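Peer 1: Take this sequence and fold it.
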Amino acid sequence: MHGIAPSEKDTASTLTPGQLAWLKVSNDHIATSLSIELADVWGELGRKKFLRTLAWGDEVSVAKETSSRIEIETVYFNEQPDGSILPMKETGYIEPRKSSGIRTADVIRPASQNDVLKVNCVDVQQGDGAVIESPDGKVILVDGGDNQMFARYLAGRFRGTTAAHPQGIDCILVTHGDADHFAGLPEIFKSETNKEKRKRLFIQPKRYFHNGIVKRPGKKNGRSVPDLGLLGATRKVGNKTFLTGLEENLLKVPDKEMNAPFKEWKNAQKEYIHPRATLMGSLGKWSRVPEPLIFVTELVAFFNVEGWSRLADDKRAAKRGQFFGFSRTAYGIVKTRTNGKRLFVYTDSGNVQMKEAYAYAVDSSGVPQPAEVRRA
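Peer 2: Predicted coordinates:
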C-alpha cells in the first residue's frame, strides 16, 4: 500500500468522543459494555415503550442493576431550530425475559474489558464504504462511495464536530481507483460548509493509503485514450504487460495527468495530508492477534414488488420498453462485531424492533461455526 498522511456511538448510550464532550457520565454511573449479542432498551418498566436495541460491544452507562433489570442512562438526539443536534439524557431499562434464561450479570461487563472490533458497511448505492472502529477508539474509513451518502452517515455517527474539535480518523484506506470507491470522500470536506449543521463533519485524518494507481483523463489531444493508457506507464515482459506507473504521493501528480474524480480527491487531500504510518499500526494491538478476524460485506436492502413498469419519461420509455420493477422501501447497514473468538453480523430493517442477526463461534481451526443469537 502507498500512503500519505494528513495533518493532524451512533445510537442509544453508544457515544462518540465528540458527544462525550457534551455529556459527562455521572459519578454514580458505571461504564460498561454489552456482552451479549442484542439487548432491547425500554422507556418504562415491564418491557414497555420500546426505545432501541443495543448490540454486542456497545458502551452502556449503568445507574442501577438488580437480578431482573438494568437501569441505564441512554441518549436521544434532539434537532434544534438552527439545525444542530443536541444529545439529551433519558432513563432506559434492559429487562431480559425470564423465559430467555439470561441473567442481568450476563448482559454487561466493565467497559475496560471491551474487546469488540466493529465494522459497519454503509449504504453508498454504487461502490463501497465502511467504517472500522477498534475497542480502544481508533477509527478507519475504507472507501467512500461516489456520492454524499457516506459523508451523511459519518456526520450522523460522529455528531457535533467542529473545525476546533474534529473527529480523529486513524486511517483512510482507498482500495482502488474506481470513482465509486473514493469520489464520495471529498464530500466530507464539502460538508464543512453545509447549510444544515447536522450534515457537517470535520475530520482530522492521520493517514491515507491507496494502491498507487492513478486514472488518467479519458481523452488526450481530443482523442480517446485506450484502456491500457488510463493507468499510467506500463512495461511488457514476454507476453505479459505490467503496470509500472505507480504513484507514491498523489499530491505530486500534475492535474493534467488525473481524471476529474482524482483531481477532486487530490484537492480535498490538501486539507488533510500529514506523515506516513502503517495501516496495521492504525488498528493497534488488535491487528497483532494470531488471526485477526474482520468480516466486510455489502448492505441489505428491502423492496416491494411493483410488477411490470415503464419509465415516466416517454422518450426513455420508448427506448427501454417495459421492465419488471421493484421499489426500495428501506435498507439495512450491515454491522459486524468480532473479538477473534466470536463473530456477530446483523442489520437493521425497516422495522426498528427487528434485526436480522447471525452469531458464530470461531473453532480451534479458525473456522466460524453457527451459534445462538442471545437477545435480552
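Peer 1: can you map out the helices along the stretch 201-350 of the chain?
Peer 2: Per DSSP state H, counting those that start in this stretch, the stretch 201-350 of the chain carries helices over the ranges 260-269, 279-283, 314-320.
Peer 1: With just CA atoms, put the last one into PDB.
Peer 2: Spelled out, it's helix 314-320. Written as PDB, here are the backbone C-alpha positions of helix 314-320 (Å, rounded to 0.1, in the frame of the first residue of the first chain):
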ATOM      1  CA  ASP A 314     -41.800   9.000 -22.800                       C
ATOM      2  CA  LYS A 315     -38.600   9.100 -24.900                       C
ATOM      3  CA  ARG A 316     -36.700   6.900 -22.500                       C
ATOM      4  CA  ALA A 317     -39.600   4.600 -22.000                       C
ATOM      5  CA  ALA A 318     -39.900   4.100 -25.800                       C
ATOM      6  CA  LYS A 319     -36.300   3.200 -25.900                       C
ATOM      7  CA  ARG A 320     -36.200   0.900 -22.900                       C
END
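Peer 1: what's the distance between it and the middle of its chain?
Peer 2: Its chain's C-alpha centre and that of helix 314-320 lie 38 Å apart, by Cα atoms, centre = their mean, to the nearest Å.
Peer 1: do the first one as well
Peer 2: Shown here is helix 260-269, whose average C-alpha point lies 22 Å from the average C-alpha point of the whole chain (Cα atoms, centre = their mean).
Peer 1: Dump the C-alpha coordinates for that helix into PDB.
Peer 2: Extracted in PDB, the C-alpha atoms of helix 260-269 (Å, rounded to 0.1, in the frame of the first residue of the first chain):
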ATOM      1  CA  ALA A 260     -11.900  14.600 -12.800                       C
ATOM      2  CA  PRO A 261     -12.700  12.400  -9.700                       C
ATOM      3  CA  PHE A 262      -8.900  12.000  -8.900                       C
ATOM      4  CA  LYS A 263      -8.400  15.800  -9.200                       C
ATOM      5  CA  GLU A 264     -11.300  16.500  -6.800                       C
ATOM      6  CA  TRP A 265     -10.000  13.900  -4.300                       C
ATOM      7  CA  LYS A 266      -6.500  15.400  -4.600                       C
ATOM      8  CA  ASN A 267      -7.800  18.900  -3.700                       C
ATOM      9  CA  ALA A 268      -9.600  17.500  -0.700                       C
ATOM     10  CA  GLN A 269      -6.500  15.800   0.500                       C
END
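Peer 1: And for that helix, what's in contact with it?
Peer 2: For helix 260-269, contacts defined as Cβ atoms under 8 Å, 6 or more residues apart in numbering pick out 4, 6, 146, 177, 179, 182-183, 185-186, 188-189, 208, 214-215, 250-251, 253, 255, 258. Where C-beta positions appear, they are placed from N, C-alpha and C, glycine not excepted.
Peer 1: In the stretch 151-300 of the chain, where is pLDDT below threshold?
Peer 2: Low-confidence regions of the stretch 151-300 of the chain, defined by pLDDT under 70, span residues 268-300.
Peer 1: Which residue ranges of it form strands?
Peer 2: Counting by DSSP state E, counting those that start in this stretch, residue ranges of the strands within the stretch 151-300 of the chain are 167-169, 171-173, 203-205, 208-210, 219-220, 223-224, 234-237, 240-243, 300-309.
Peer 1: elements contacting the third one?
Peer 2: Using 3 or more Cβ pairs under 8 Å, 6 or more residues apart in numbering; DSSP states H and E as the contact definition, the elements that strand 203-205 packs against are strand 167-169.
Peer 1: The strand it packs on pairs with which strands, and in what direction?
Peer 2: Taking DSSP bridges as the criterion, strand 167-169 pairs within the sheet with strand 203-205 (parallel).
Peer 1: from the chain's centre, how far out does the partner strand sit?
Peer 2: Between the centre of strand 203-205 and the centre of its host chain there is 15 Å, according to Cα atoms, centre = their mean.
Peer 1: Stretch 236-248 now?
Peer 2: 34 Å.
Peer 1: cool, and stretch 118-135?
Peer 2: 3 Å.
Peer 1: rewinding a little: got a quick PyMOL command for the buried subset of the contacts of helix 260-269?
Peer 2: Here is the PyMOL command that picks out the buried ones among the contacts of helix 260-269, judged by 16 or more other Cβ atoms under 10 Å:
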select buried, resi 4+6+146+177+179+182+183+185+186+188+189+208+214+215+250+253+258
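Peer 1: Could you list the domains of the chain?
Peer 2: Domains of the chain are assigned by automatic domain parsing as 2-8+116-287, 17-113, 300-371.
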